[in-house]
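Participant: Dropping a prediction and its sequence here:
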Amino acid sequence: MSSAASPLQAEIRFGLGLRPDRPPPADPLAWLDAQLEAPDRAPPAPPAPPGRSTPGDLAEGYRIWAEQDAMRPFEPGQKRPLELYFVDEASTALGWRIDSEAPYRERLVAFWTNHFTVSKRGGTGVTAALPDFVRHAIRPHVTGRFTEMLLAVERHPAMLSYLNQNSSVGPNSRFGRRSGRGLNENLAREILELHTVSPASGYTQADVTAFARLLTGWGVQRNREPFGAVFRVANHEPGAKTLMGRRFEEGEAASEAALRFLAEHPATHRHLAVKLARHFVADDPPPAAVARIEAVLRDTGGDLLAVSRALPRLPEAWAPPLGKLRAPQDYIVAALRACGAEGERLARFAFGACHALNQPLWVAPQPNGWPDLASAWLGPEPLLRRLDWSYDLAGRFTRAEPMALLEAALGLLASAETRAAVRRAGAPRDAIALLLASPEFQRR
């Protein structure tokens, strides 16, 4: 790690980008560690009409959903309350990132939210529960145990709704025999394929089916208190099941035992290590970096605080600098931070920008989330969109001194070519746009 560049790299590689109103950290590792050890601070409640309760609250989301159902049919152009609620919450989350003084922790929240993708595309049931999912199933666990995060995520109403667990019924359960309904394997399949052991573990279709039978009974209660996940014994498939060679008896406790088994499986440690190294080190993560993170997961029993402390201590994470392309959400947040933007004031602007650059917040197209590879975001059209957007953003900060912004955002990492281009630009707007569109600023 270069002593001269490391404070800048800490903000760029592990944070959300530098701000001109805050100096780089004097001690990068101590700065990163302090963010992990401090209590999590969640975004505050977004501005909203009277009647809103707590921010991102599940009961509030379900109340708004019920209110929306009572309003049907809608008039042309009428705003749906649930959509307004979602936009408020998503915009506030982006504004929080722009202003954040704990950007490494926010990066971890974003990483795990993407790993356990729940998307608004899943419908109103997901939309109503999604803010609560991020606040209460992801945020509290990013420096806890992976097992506890997995339990919180998979039994959260947002995930149960998104992966159709409400429609999964044990064929031989009391309700299954009466109704003729059967299994939906979506949740079981995605837990195995995406969230835990991955196909590299060698699980089979028989394992997917057995796991789906284990998970029957779990569903969502939204029409009366207590709101949230519920285990319905009448829907649960009776009898023992075998998952990846391990026998589990019937009942609610068996599903938790199965999730703990998967969370602690060596194949899960390997899968998570690859994804973490890909996100924080390189698209093609070095085997040594993957092995180190895998060992931390194994030796600590999935302690994510230990993992998050180990990531910045990987030599491969610092050299070479700027090795990862910023995905659109990261690029937008970094650009706004570089200009010294106030997150609360430009939160809606950031929300619209994510749509314009094809990575809207909490709206991933598939359960595998947004890709973490440069090849997914490169191409003539995406590049032109970034250039157009950077010029649009620069127009909001024409009073700023471009070279001062360059020094604050990139410092020693700015190339001679970028410095010359910014210095020679005919107007501040052009200069700032060139800075934000530069090859160095596109990467972290």
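Facilitator: Yep, that arrived.

Participant: leaving aside the residues next to it on the chain, what's closest to Leu262?
Facilitator: Thr196 (4.1 Å; CB to CB, 6 or more residues apart in numbering). Heads up, the C-betas are built off the backbone N, CA and C, glycines and all.

Participant: my guess is that neighbour contacts Ala263, does it?
Facilitator: Yes: counting by CB atoms under 8 Å, Thr196 touches Ala263, with 6.4 Å between them.

Participant: what about the residue lying closest to Ala409 once chain neighbours are set aside, how many neighbours?
Facilitator: Excluding the flanking residues, the one nearest Ala409 by CB to CB, 6+ apart is Ala338, at 3.9 Å. By other CB atoms under 10 Å, the residues close to Ala338 number 24.

Participant: Now that Ala338 has come up, it's in contact with Asp21, right?
Facilitator: No: Ala338 is not in contact with Asp21 according to CB under 8 Å; the separation is 10.9 Å.

Participant: so how far is Leu357 from the residue nearest to Ala409?
Facilitator: Distance, Ala338 to Leu357, by CB to CB, to the nearest Å: 16 Å.

Participant: quick one: secondary structure of Trp389?
Facilitator: helix (DSSP: H, G, I helix; E, B strand; the rest coil).

Participant: Arg399 versus that one, what's the distance?
Facilitator: 20 Å.

Participant: In terms of neighbours, single out the busier of those two.
Facilitator: More crowded of Trp389 and Arg399, by other CB under 10 Å: Trp389, with 21 against 6.

Participant: do you know how far the more buried one is from Ala353?
Facilitator: For Trp389 relative to Ala353 (CB to CB), the value is 6 Å.

Participant: can you check His265 too?
Facilitator: 39 Å.

Participant: so Val220 bridges to which residues?
Facilitator: Ala229 (DSSP bridges).

Participant: What about it, how many residues nearby?
Facilitator: Val220, neighbours per other CB under 10 Å, totals 21.

Participant: Run through the residues that contact it.
Facilitator: Counting by CB atoms under 8 Å, 6 or more residues apart in numbering, Val220 makes contact with 125, 129, 157, 160-161, 165-166, 228-230.

Participant: The same query, at a cut-off of 6 Å, please.
Facilitator: Listed by CB atoms under 6 Å, 6 or more residues apart in numbering, the contact set of Val220 reads 157, 160-161, 166.

Participant: from those, which is closest to Thr418?
Facilitator: Proximity of the contacts of Val220 to Thr418 was ranked by CB to CB; the top entry is Ser161 with 46.3 Å.

Participant: The closest one contacts Gly125, doesn't it?
Facilitator: Yes: between Ser161 and Gly125 a contact is recorded at 3.8 Å, counting by CB atoms under 6 Å.

Participant: The two - which one has more neighbours?
Facilitator: Set side by side, Ser161 and Gly125 show more neighbours around Ser161, with 25 against 20, by other CB under 10 Å.

Participant: I'd like the distance between that one and Glu67.
Facilitator: Ser161 is 18 Å from Glu67, by CB to CB.

Participant: what do you get for Ser100?
Facilitator: From Ser100 to Glu67 the distance is 32 Å (CB to CB).

Participant: Which one's more surrounded, the two?
Facilitator: Ser100 (22 against 14).

Participant: Can you give me the distance of that one to Pro140?
Facilitator: 17 Å.

Participant: what does Arg292 give?
Facilitator: Distance from Arg292 to Pro140, by CB to CB: 26 Å.

Participant: Could I get the full set of strands for the stretch 101-250 of the chain?
Facilitator: 218-221, 228-231, 241-243, 246-248 (DSSP state E, counting those that start in this stretch).

Participant: ok, residues contacting the second one?
Facilitator: Around strand 228-231, the neighbours that count as contacts under CB under 6 Å, 6+ apart are 58, 155, 157, 217-219, 221, 252.

Participant: repeat for the third one
Facilitator: Contacts made with strand 241-243 from outside it, assessed by CB under 6 Å, 6+ apart, are listed as 207, 210-211, 213-214, 248, 258.

Participant: That one pairs with which strands, and in what direction?
Facilitator: Here, using DSSP bridges, strand 241-243 pairs with strand 246-248 (antiparallel).

Participant: Quick one: mean pLDDT for the strand it pairs with?
Facilitator: Mean pLDDT, computed over strand 246-248, is 98.

Participant: going on from that strand, what's the next piece of helix or strand?
Facilitator: helix 252-263 (DSSP states H and E).

Participant: in that next one, what counts as buried?
Facilitator: 254-259, 261-263 (16 or more other CB atoms under 10 Å).

Participant: What separation is there between Met403 and Val422?
Facilitator: Taken as CB to CB, the span from Met403 to Val422 is 6 Å.

Participant: one step back: tell me, what's touching Trp389 and Ala353 both at once?
Facilitator: In contact with both Trp389 and Ala353: no residue, using CB under 6 Å, 6+ apart.

Participant: Tell me the buried residues in the lengthiest helix in the chain?
Facilitator: Counting by DSSP state H, the longest helix found in the chain is helix 81-99. By neighbour count with 16+ other CB under 10 Å, helix 81-99 contains the buried residues 81-82, 85-99.

Participant: Pull the contacting residues for Glu237.
Facilitator: Glu237 neighbours (CB under 6 Å, 6+ apart): 170, 172-173, 213, 216.

Participant: how about 8 Å then?
Facilitator: 170-173, 176, 183, 213-214, 216-217, 250.

Participant: for Val333, same thing?
Facilitator: 16-17, 94, 97-98, 350.

Participant: secondary structure class for it?
Facilitator: helix.

Participant: per-residue confidence for it?
Facilitator: So Val333 comes in at 98 (pLDDT).

Participant: can you check Ala374 too?
Facilitator: The model's pLDDT for Ala374 equals 96.

Participant: contacting residues for it?
Facilitator: 283, 324-325.

Participant: Counting neighbours, which of those residues comes out on top?
Facilitator: Going by other CB under 10 Å, Lys324 tops the contacts of Ala374 with 22 neighbours.

Participant: How is the protein partitioned into domains?
Facilitator: 25-159+267-317, 162-263, 328-437 (automatic domain parsing).

Participant: Need the distance between the two termini of the longest one.
Facilitator: Spelled out, it's domain 25-159+267-317. The first residue of domain 25-159+267-317 is 17 Å away from its last residue (CA to CA, to the nearest Å).

Participant: could you show me where the strands are in the stretch 251-400 of the chain, in order?
Facilitator: Going by DSSP E, counting those that start in this stretch, the stretch 251-400 of the chain shows no strands.

Participant: quick one on the thing from earlier: of all the contacts of Val220, which comes closest to Ala431?
Facilitator: Nearest member of the contacts of Val220 to Ala431, counting by CB to CB, is Ser161, at 47.5 Å.

Participant: could you list every residue that touches that closest one?
Facilitator: 122-123, 125-126, 129, 220.

Participant: who has more neighbours, Met403 and Val422?
Facilitator: Between Met403 and Val422, Val422 has the larger neighbour count (other CB under 10 Å), namely 22 against 14.
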